[in-house]
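Colleague: Sequence and predicted structure below; questions after.
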Amino acid sequence: MDEHVEQVEQNRVDEPPVIEGSSSTQIDYTLNFTGWPTVSQIVAVAVATAAYTVLSWFSSTVFPATTGVSFIFIAIGFGIPFALWFGGWSFLIAYIGNFIGAGLMTGTPILTAIPFGATDLIQLGVPVVLYRLFATRFGVSPIGKDVFTVKGFVFFLVCAVIPNNVIGGLYGNFILVQFGINPPSVFLFSWFTWAVSNIVVTIIIGSILLSALGPIVERYGLTIRNAFR
């Protein structure tokens, strides 16, 4: 019995400290500028940036589309959780990941990759802004921990699944047409398949990550509670 109690106490010591408010959906997340992140947060953002870049490249090369970049862009399923967890840093994650991963690393000319990289500023940036501004007002988690509740899932669809992927797909395909990567005749079809596939991937992968890993990322103090801190 004593050994069991000692083991339990040891496990408690090894656990990260409890962060005040982490168990509540009402924890304060904003877009305010309040300083710079901790070393742990910087490392988390760097890992997320590298992961999103590699996943963008992987999606574009393993699942290439006849039009557009990727038929199944797995990266977006990870990008949305990164966006909600890391606030303003998600704009850095989004641009580097798309400009390098889905752009330069796949052989896209740099003059095309530069504006094309901004596609994911829309796809990741819109959820950040909407969640930080309206999540608390509607009584849902600002980092999507409650995505599997009715209210949380509806908010997820409205703010992090549909508008960003529809608008991002529109912009991304516009760039591909303007720079001669795609012919104008496939614009509508490419936009439709881009938006639909991203929506499906975001719903499946994004929701699972938000629900399963969101509380853990928050508990370890890695989420960005304001714009960059």
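Modeller: Yep, it's here.
Colleague: The spatially closest residue to residue 146 that is not a sequence neighbour in helix, strand or coil?
Modeller: Closest residue to residue 146 apart from its sequence neighbours, by C-beta to C-beta, 6 or more residues apart in numbering: residue 152 at 3.6 Å. Every residue, glycine included, has its C-beta placed from N, CA and C. Secondary structure, DSSP: H, G, I helix; E, B strand; the rest coil: residue 152 is helix.
Colleague: Also residue 199?
Modeller: helix.
Colleague: In contact with residue 149, which residues are there?
Modeller: residue 140 (C-beta atoms under 8 Å, 6 or more residues apart in numbering).
Colleague: That one and residue 139, how far apart?
Modeller: 10 Å (C-beta to C-beta, to the nearest Å).
Colleague: returning to what we had before: now do the residue nearest to residue 146, the pLDDT please.
Modeller: Note for residue 152: predicted pLDDT of 98.
Colleague: go on, residue 69?
Modeller: pLDDT, residue 69: 69.
Colleague: how about the longest helix anywhere in the chain: buried residues?
Modeller: Taking DSSP state H as the criterion, the chain has its longest helix at helix 39-62. The neighbour-count check on helix 39-62 (16 or more other C-beta atoms under 10 Å) flags 41, 44-45, 48-49, 51-53, 55-60 as buried.
Colleague: now the helices for the chain?
Modeller: 2-14, 39-62, 75-86, 89-96, 110-116, 119-134, 150-156, 162-178, 187-201, 207-219.
Colleague: helices or strands up against the longest one?
Modeller: The reference is to helix 39-62. helix 75-86, helix 89-96 (3 or more C-beta pairs under 8 Å, 6 or more residues apart in numbering; DSSP states H and E).
Colleague: Which strands and helices lie in contact with the shortest one?
Modeller: For helix 89-96, the elements it packs on are helix 39-62, helix 75-86, helix 119-134, judged by 3+ C-beta pairs under 8 Å, 6+ apart.
Colleague: Give the closest residue to residue 65 in space, chain neighbours not counted.
Modeller: Closest to residue 65 by C-beta to C-beta, 6+ apart is residue 71, at 4.3 Å.
Colleague: returning to that earlier point: now the helices and strands packed on helix 39-62 in CSV, with distance to residue 175, mean pLDDT and mean neighbour count?
Modeller: Below are those laid out as CSV (distance: least, C-beta to C-beta, whole Å; pLDDT from 0 to 100; neighbours: other C-beta atoms under 10 Å):
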stretch, distance to residue 175, mean pLDDT, mean neighbour count
helix 75-86, 17, 98, 28
helix 89-96, 14, 98, 22
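Colleague: Comparing the helices of the chain, which yields the minimum mean pLDDT?
Modeller: Least confidently modelled of the helices of the chain is helix 2-14, at a mean of 50 by mean pLDDT.
Colleague: contacting residues around the residue nearest to residue 146?
Modeller: So residue 152 contacts 140-141, 144-146 (C-beta under 8 Å, 6+ apart).
Colleague: one step back: can you tell which of the helices and strands packed on helix 89-96 is closest to residue 197?
Modeller: Closest to residue 197 of the helices and strands packed on helix 89-96 is helix 75-86 (C-beta to C-beta; 8.9 Å).
Colleague: Between helix 162-178 and that closest one, find me the angle.
Modeller: Orientation check (axes from the mean of the first three to the mean of the last three C-alpha atoms, to 10 degrees): helix 75-86 against helix 162-178 gives 130 degrees.
Colleague: That'll do, ta.
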